[in-house]
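Peer 1: Pasting a predicted model and its sequence here:
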Number of protein chains: 2
Amino acid sequence: MDFYKNEPQTLLAVDCVILGFNGESLEILLVKRGIAPERNKWSLMGGFVYEDESPEKAASRVLKKLTNLEDLYMENCGIFGEPGREERRVVSIVYFALIDATQYRHILSEEYEAKWFPLDKHPKLIFDHEDMISTAKHTLRTKAALYPILFELLPEKFTIPQIASLYECVYNIDLDKRNFSRKLLSSGLLIKLNEKDKENSRKGAFFYRLNMDIYKEKIMSFLRYLPSWSVDE
Amino acid sequence: MDFYKNEPQTLLAVDCVILGFNGESLEILLVKRGIAPERNKWSLMGGFVYEDESPEKAASRVLKKLTNLEDLYMENCGIFGEPGREERRVVSIVYFALIDATQYRHILSEEYEAKWFPLDKHPKLIFDHEDMISTAKHTLRTKAALYPILFELLPEKFTIPQIASLYECVYNIDLDKRNFSRKLLSSGLLIKLNEKDKENSRKGAFFYRLNMDIYKEKIMSFLRYLPSWSVDE
DNA sequence: TCAAAAGTGTTCTACCTACACCCATGG
DNA sequence: CCATGGGTGTAGGTAGAACACTTTTGA
């Protein structure tokens, strides 16, 4: 049978806020748009959702097409569907993706003109893409407050000073690295390696890697107004 | 100009997980589906997104059509777009809505056969609607841990025991009401009224109402690994 | 040997938890 | 006058914030 025959159809797109950490600050990957309208202007990487794929799948596909990377951390962070947001009616689902530092300067597809920009200083973007970045930032902050997802931005081996400066720049704050280090170590999330990073200091900071078992289980939230033991599920 | 002429179009729908609190437990509002396919089976209230409205607007419209209520607390909590989720390809955006207790037994539109069911004991639903409820539950818990949104489920005047039992049933836990009460009062969120609720106990519990100024500002999250003062924005 | 960054120890404080106990009231 | 649920007082513990201090190393 052919249901919903008279219902309106819509152009459905995805746009990706692609974030990376260069060790000092957050950057965002933008592309020069290849199609009209607004051709040759900077924008988020995006694309239309095909009929045989989910929006999430479309976002992965689009991301892979640009970066050649798969299995990135990705999360929906908003839907932009105001009727007037583009010349034609397009509803866009926004995802943010976190790219880890080892793959940071990866081979971008030659097909696109893409470039990393400082997150807080990038060119003007088309349509409502700047709003999309704002919601992505907000979602990232909220999410990172409850779940240890910022590790997705770090290489497999990382030091505590590294992740501290990542937190500093996501939240735009100044951390007491001494207390931060202890808090993090007490979480059980990290496994110490017998190796130091001598690049960035005389003494050198130990490398750690994630304890994946614990990482996956750390789906605990702080429950305001609730006792802290009350986390089930 | 006519852009995107050859791009695929999609049926875009919204589905609403409508939650209410009867003073004892959470309930969900379901409807008997009026159109094929799956006509006459229980489902979430939903509808297609029109060409001249945003998905959010569509959700409000659909919600109002069923309940005659406007300006409910509503939030996106997922997108369901796997190709095989319905007979025909439909991408559905899920919203959850919280209905406050005073409007709880409101006049449902006569157009629909709608009924409140206990959230943890409702009939089988069509398609992936049960998964939608799961993600809504999860989003509600996460959200309510960071923001005081559960007040949306209570009437304008409410007692602390009332909200305590609401928290108990959202998180499926047993609270120490004495400590809960103090914690809540110290938040500055509540304004005490000179009136007691004598319905539910001999002594009677004082009514409170929300301090809206503080309620709106309480967009603070607990930032794991971060000092608590580090909340900006 | 000095500067700089990594990391440890220690104190102070705030808050959370548990629980004893008091309060108000209707039957 | 007592059972019931609302609410306060308080003590002990835990965790965060602040910061002095030690460690490691290259220049």
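Peer 2: Thanks, I have the structure now. Numbering: from 1, shown residues only, chains lettered A, B, ... in the order given.
Peer 1: What is the lengthiest helix in chain A packed up against?
Peer 2: If you go by DSSP state H, chain A has its longest helix at helix A:129-146. Counting contacts by 3 or more CB pairs under 8 Å, 6 or more residues apart in numbering or on different chains; DSSP states H and E, helix A:129-146 is packed against strand A:9-21, strand A:73-80, strand A:90-99, helix A:160-171, helix B:129-146. All C-beta atoms are positioned from the backbone trio N, CA, C, and that covers glycine.
Peer 1: near DNA strand D, which residues of chain A?
Peer 2: A:176, A:178, A:179, A:183, A:186, A:196, A:198, A:202, A:203, A:204 (CB under 7 Å from any atom of the strand).
Peer 1: so what's the last one up against?
Peer 2: Taking CB atoms under 8 Å, 6 or more residues apart in numbering or on different chains as the contact definition, residue A:204 lies against A:196, A:197, A:198.
Peer 1: Return the residues in contact with the last one.
Peer 2: I take that to be residue A:198. Contacts of residue A:198 by CB under 8 Å, 6+ apart are residue A:204.
Peer 1: so where's chain A shaky on pLDDT?
Peer 2: Applying pLDDT under 70 to chain A flags the ranges A:1, A:218-233.
Peer 1: domain parsing for chain A?
Peer 2: Domain segmentation of chain A under the TED database yields A:11-145, A:157-225.
Peer 1: Do the longest one and DNA strand C come into contact?
Peer 2: No - looking at domain A:11-145 against DNA strand C by CB under 7 Å from any atom of the strand, there are no contacts, and the closest approach is 11.5 Å.
Peer 1: Now the terminal residues of that domain, how far apart.
Peer 2: End-to-end distance for domain A:11-145: 34 Å, by CA to CA, to the nearest Å.
Peer 1: Give the bridge partners for residue A:98, please.
Peer 2: residue A:19, residue A:73 (DSSP bridges).
Peer 1: which parts of stretch A:60-76 are buried?
Peer 2: Buried residues in stretch A:60-76, counted by 16 or more other CB atoms under 10 Å in any protein chain shown: A:60, A:61, A:62, A:63, A:66, A:67, A:69, A:72, A:73, A:74, A:75, A:76.
Peer 1: re the thing from before, pick the most deeply packed of the domains of chain A.
Peer 2: domain A:11-145 (a mean of 18; mean count of other CB atoms under 10 Å in any protein chain shown).
Peer 1: where does residue A:59 sit relative to DNA strand D, distance-wise?
Peer 2: 34 Å (CB to the nearest atom of the strand, to the nearest Å).
Peer 1: What separation do you get for that residue and residue A:112?
Peer 2: Noted for residue A:59: a distance of 16 Å to residue A:112, by CB to CB, to the nearest Å.
Peer 1: what does residue A:11 give?
Peer 2: Distance from residue A:11 to residue A:112, by CB to CB: 21 Å.
Peer 1: what do you get for residue A:156?
Peer 2: Counting by CB to CB, the gap from residue A:156 to residue A:112 is 27 Å.
Peer 1: hmm, stretch A:153-171 in reach of DNA strand C?
Peer 2: Yes - interface with DNA strand C: stretch A:153-171 contributes A:159, A:160, A:161 (CB under 7 Å from any atom of the strand).
Peer 1: Export the residues you listed to TSV and append columns for distance to residue B:26.
Peer 2: Below are these laid out as TSV (distance: CB to CB, whole Å):
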residue	distance to residue B:26
A:159	46
A:160	42
A:161	45
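Peer 1: Looking at the residues you listed, spot the one nearest residue A:168.
Peer 2: Using CB to CB, residue A:161 is the member of those that sits closest to residue A:168, with 10.3 Å.
Peer 1: In contact with the closest one, which residues are there?
Peer 2: Residue A:161 makes contacts with A:177, A:200, A:201, A:205, as judged by CB under 8 Å, 6+ apart.
Peer 1: which residue sits closest to the first one in space, ignoring its chain neighbours?
Peer 2: In space, not counting the residues next to it along the chain, residue A:177 is nearest to residue A:164; the distance is 5.1 Å by CB to CB, 6 or more residues apart in numbering or on different chains.
Peer 1: quick one, what contacts that neighbour?
Peer 2: By CB under 8 Å, 6+ apart, the contact set of residue A:164 is A:175, A:177, A:180, A:181.
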